[in-house]
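>>> My questions are about this predicted structure, shown below with the sequence.
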Amino acid sequence: MSVMPVISNDDAPHVVRGACPHDCPDTCATLVTVERGRATRIQGDPDHPFTQGFLCAKVNRYLERTYHRDRLTTPLRRVGPKGSGTFERATWDEALDAIAERLNAIRASSDGPQSILPYSYAGTMGYVQGESMDRRFFHRIGASKLDRTICATAGAVGMQMTVGANIGADAEGVPESDLVLLWGTNTLTSNPHLWPFVRQARDHGATVIAIDPLRTRTAEQCDEWIGIRPGTDAALALGMMHVLFAEGLQDDDYIARHTLGADQLRARAAEYPPSLVSAITGVSEDTIVSLARRYGAAKAAFIRINYGLQRHGGGGMAVRTIACLPAVVGHWRRAGGGVQLSTSAAFQFNKQALQRPDLSPPVRTINMIRLGHALTLPDAGVGGPPVKALVVYNSNPAAVAPDTNDVRRGLLRDDLFTVVLEHFLTDTADHADWVLPATTQLEHWDVHFAYGHLHATLNRPAIAPLGEAKSNAEIFRLLAQRMGLDDACFRDDDVTLIRQALDTTADRMKGVTFDALMEHGWVRLNVPRPFLPFADGGFLTPSGKCEFYSERMVRMGLDPLPAFTPPHEFPENVPALAAKYPLTLISSPRHQFLNSTFVNVDSLRRDAKPEVMVHPHDAAPRGIVDGATLVVRNDRGEFHGVARVTDAVRPTVVWAPSVWWLKLTGDGANANATTSQLETDLGHGPVFYDNLVEVAVAGGARA
Ligand SMILES: Nc1nc2c(c(=O)[nH]1)N[C@H]1C(S)=C(S)[C@@H](COP(=O)(O)OP(=O)(O)OC[C@H]3O[C@@H](n4cnc5c(=O)[nH]c(N)nc54)[C@H](O)[C@@H]3O)O[C@H]1N2
Ligand SMILES: Nc1nc2c(c(=O)[nH]1)N[C@H]1C(S)=C(S)[C@@H](COP(=O)(O)OP(=O)(O)OC[C@H]3O[C@@H](n4cnc5c(=O)[nH]c(N)nc54)[C@H](O)[C@@H]3O)O[C@H]1N2
Ligand SMILES: [Mo]
């Protein structure tokens, strides 16, 4: 079988190279077998250094999802009441004409174009279908901008403050590590292609430790599980520094050459003795001291943090603080040492050319995690006109945005004009006036960065679009035309967009060309293997040092030094609230789901129902037994789940594996009925896991 460059009419089976589009650090290189125009197999590229020939539980089912009986294949026009999910088929001409006319009318109205709001996230991480023609379109019409904060901004800014960019140690160095800390990350579920590297390190004698309020399937596989209290990681990191400095385990040479503010950091760490840290984190003093000693004695400790730990009020500072650790001990010098939140900033695609921010007039920005406020407050919560039109693509906010009850109130507004580009009738699409069928990764072109490794990947269409589906970029091209936007940039086709994304002289992109991608499917960035970004300093901060002390934080009115910033709903600080709602809810992803994607795939959901894991200490006084139907509630809302009584959660923590489609739960609600629209300390991010609740047997007396 040969590897074909584009869709082939040839009847012979052939293989098309692609990229997994999903929001995951792994961005796998895929091989799709096509027979007589139909995709019959998807596998991981065995030659790709990170994919290593295997795919995850979800993407192994990508063909089942693509050919799902419920795939949208034509445009749909709403016929029932708003939110009822009742539609009739329409032609593309009807849909595009109606949408163009309505959007043009809103642009011309007294509310003006800022009353139009795009809403998208990373349903696909591809540059073409994720952030190219769509951005040009909204920039050109002068729509409100969307601050895309829902996942990563708290930690990204935390990294920027300490090391200068969201860049980190190379996963391919992990086999040389002698201590691996999986800190606030469920690797086997959310970053599974890192695991073979961790296993290699372990084969060479490394110790692997999970730091997580949940004993996840990842923690089960580690040498040790540290069941920390949610939102207290900065205190643990400072406690480790306390011990490192007190016992002389720091690397004075690295500190002197490559860091700023070491004396202040040492003084700050002195304020965090193990006794205090133990009281904050719920981790024993012995564990804190032995973790610090182990870290100080290691030659190359690899800290894998991920986005789970920054979904708390102090999430930005938590990441900033942990990111100081490798510089204290000088581990950036060696392969396998350092910290990784993301590798995304290592990529230097030409986003300006793709997105054309120059087309936009000065407009307001709306934070996507406050969609509920944006849709329900008269000035959208930020000043200016109300939101009159919402165009959603690559996202399912009715299920994934915090405070879904508020979001739903907004989506139900009769005067809100909502257009949703989707593969399926999601909870969000159910609220649309128009639904437009989008192509999947098997049906369109794209090019990808990654956030857990250092390879760029091309995606070629393997099959023709299903039904009348069109790619996002094509839909925005057509809309631009209908609305009379005749700038030349609205005529660039998808392959031209890929070439524009690659049109850069940036050093790390040397060799990442269209031709190389066509030939190999993927190309490693122009960096050594493994990439040691800060082996000899060269931090990307204003000072060029690892900034223990940050002038920028001073200017932001924040503590310039690492510190423990408690969650918004930290029981000690909100005793009245904690008396009513004593448990912290974590709603991190279920293994078989990708946020709310794949929830409707039968073989992945099977007959599962939403579950709520409760520790025996919390279950007993509430009369909760395994299998009971529970209601989880706070002042924002409530949802139901089946009780699992287990010591895999620490006491006072409950876990609701997520993110369920509202309409597949049974009660029409998921964990986001209880989450808040509050923001993190840095980056205006969401605080999904900073969420006090009470749990009771449904129908039973209230506690
Ligand atoms: N299968 C699957 N893979 C995914 C995703 C998915 O939905 N499903 N989502 C993708 C996306 S969008 C992202 S952003 C990444 C996220 O990747 P991760 O960050 O690994 O994912 P989470 O499961 O959100 O969080 C990881 C762990 O953090 C723990 N945690 C929560 N609060 C704290 C805390 O305060 N301190 C500490 N130490 N731990 C805490 C949670 O219990 C959880 O086990 O995964 C990606 N990969
Ligand atoms: N309670 C709770 N809430 C969470 C999280 C959590 O852990 N707990 N995780 C948060 C995180 S980390 C994130 S990143 C967000 C993710 O939130 P979203 O980015 O909204 O992710 P998904 O829920 O996967 O929804 C993506 C949608 O995009 C669609 N899609 C995929 N590809 C295409 C395409 O090419 N074109 C079009 N038009 N549509 C496409 C899919 O069908 C899917 O419905 O959720 C956040 N919400
Ligand atoms: Mo995410």
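Happy to help now that I have it. Ligands and ions are numbered 1, 2, ... in the order given.
>>> drop to CA atoms for contacts and neighbour counts, all remaining ones
Noted.
>>> Quick check: can you list the domain ranges of the protein?
Listed by automatic domain parsing, the domain ranges of the chain are 76-151+351-441+466-502, 154-341, 571-697.
>>> Redo the ones you listed as TSV? Include mean neighbour count and distance to T27.
Output for these, formatted as TSV (neighbours: other C-alpha atoms under 10 Å; distance: least, C-alpha to C-alpha, whole Å):
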stretch	mean neighbour count	distance to T27
domain 76-151+351-441+466-502	20	9
domain 154-341	22	9
domain 571-697	21	13
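>>> Tabulate the ones you listed (CSV), appending mean pLDDT and distance to ligand 1.
Below are those laid out as CSV (pLDDT from 0 to 100; distance: least, C-alpha to the nearest ligand atom, whole Å):
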stretch, mean pLDDT, distance to ligand 1
domain 76-151+351-441+466-502, 98, 5
domain 154-341, 98, 3
domain 571-697, 97, 3
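>>> Minimum distance to P530: which of those domains has it?
P530 sits nearest to domain 154-341 of all the domains of the chain, at 5.3 Å, using C-alpha to C-alpha.
>>> Turn the domains of the chain into CSV, columns for distance to ligand 2.
Putting the domains of the chain into CSV (distance: least, C-alpha to the nearest ligand atom, whole Å) gives the following:
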stretch, distance to ligand 2
domain 76-151+351-441+466-502, 3
domain 154-341, 7
domain 571-697, 3
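>>> For T40, find the nearest of these.
domain 76-151+351-441+466-502 (14.5 Å).
>>> Tell me how far the closest one lies from the chain's centre.
20 Å (C-alpha atoms, centre = their mean, to the nearest Å).
>>> Can you show me the CA trace of the lengthiest helix in the chain as PDB?
The residue-count maximum for a helix in the chain (DSSP state H) belongs to helix 92-108. Extracted C-alpha coordinates of helix 92-108, given in PDB (Å, rounded to 0.1, in the frame of the first residue of the first chain):
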ATOM      1  CA  TRP A  92     -26.700  25.800   1.800                       C
ATOM      2  CA  ASP A  93     -28.000  28.800  -0.200                       C
ATOM      3  CA  GLU A  94     -30.900  29.300   2.200                       C
ATOM      4  CA  ALA A  95     -28.700  29.000   5.200                       C
ATOM      5  CA  LEU A  96     -25.900  31.300   4.000                       C
ATOM      6  CA  ASP A  97     -28.400  33.900   2.700                       C
ATOM      7  CA  ALA A  98     -30.300  34.000   6.000                       C
ATOM      8  CA  ILE A  99     -27.200  34.200   8.100                       C
ATOM      9  CA  ALA A 100     -25.500  36.800   6.000                       C
ATOM     10  CA  GLU A 101     -28.700  38.900   6.000                       C
ATOM     11  CA  ARG A 102     -29.100  38.700   9.700                       C
ATOM     12  CA  LEU A 103     -25.500  39.400  10.500                       C
ATOM     13  CA  ASN A 104     -25.400  42.300   8.100                       C
ATOM     14  CA  ALA A 105     -28.500  43.800   9.700                       C
ATOM     15  CA  ILE A 106     -27.000  43.500  13.200                       C
ATOM     16  CA  ARG A 107     -23.800  45.200  11.900                       C
ATOM     17  CA  ALA A 108     -25.800  48.000  10.500                       C
END
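>>> Name the residues that touch that helix?
74-77, 112-116, 141, 388-389, 419, 434, 478-479, 482-483 (C-alpha atoms under 8 Å, 6 or more residues apart in numbering).
>>> A619 contacts V645, correct?
Yes. If you go by C-alpha atoms under 8 Å, A619 and V645 touch, sitting 6.8 Å apart.
>>> Give me the common contacts of those two.
In contact with both A619 and V645: V625, using C-alpha under 8 Å, 6+ apart.
>>> pretty sure L309 is in a strand, no?
No. According to DSSP: H, G, I helix; E, B strand; the rest coil, L309 belongs to no strand; its state is helix.
>>> what's the closest non-adjacent residue to it?
Excluding its sequence neighbours, the residue lying closest to L309 (C-alpha to C-alpha, 6 or more residues apart in numbering) is G184, at 4.8 Å.
>>> Quick check: phi and psi at the one you found.
phi 70, psi 40 (degrees, to the nearest 10).
>>> Return the list of strands paired to the longest strand seen in the chain, each annotated with direction.
What stands out as the longest strand in the chain, according to DSSP state E, is strand 637-645. Sheet partners assigned to strand 637-645 using DSSP bridges are listed as strand 611-614 (parallel), strand 629-634 (antiparallel).
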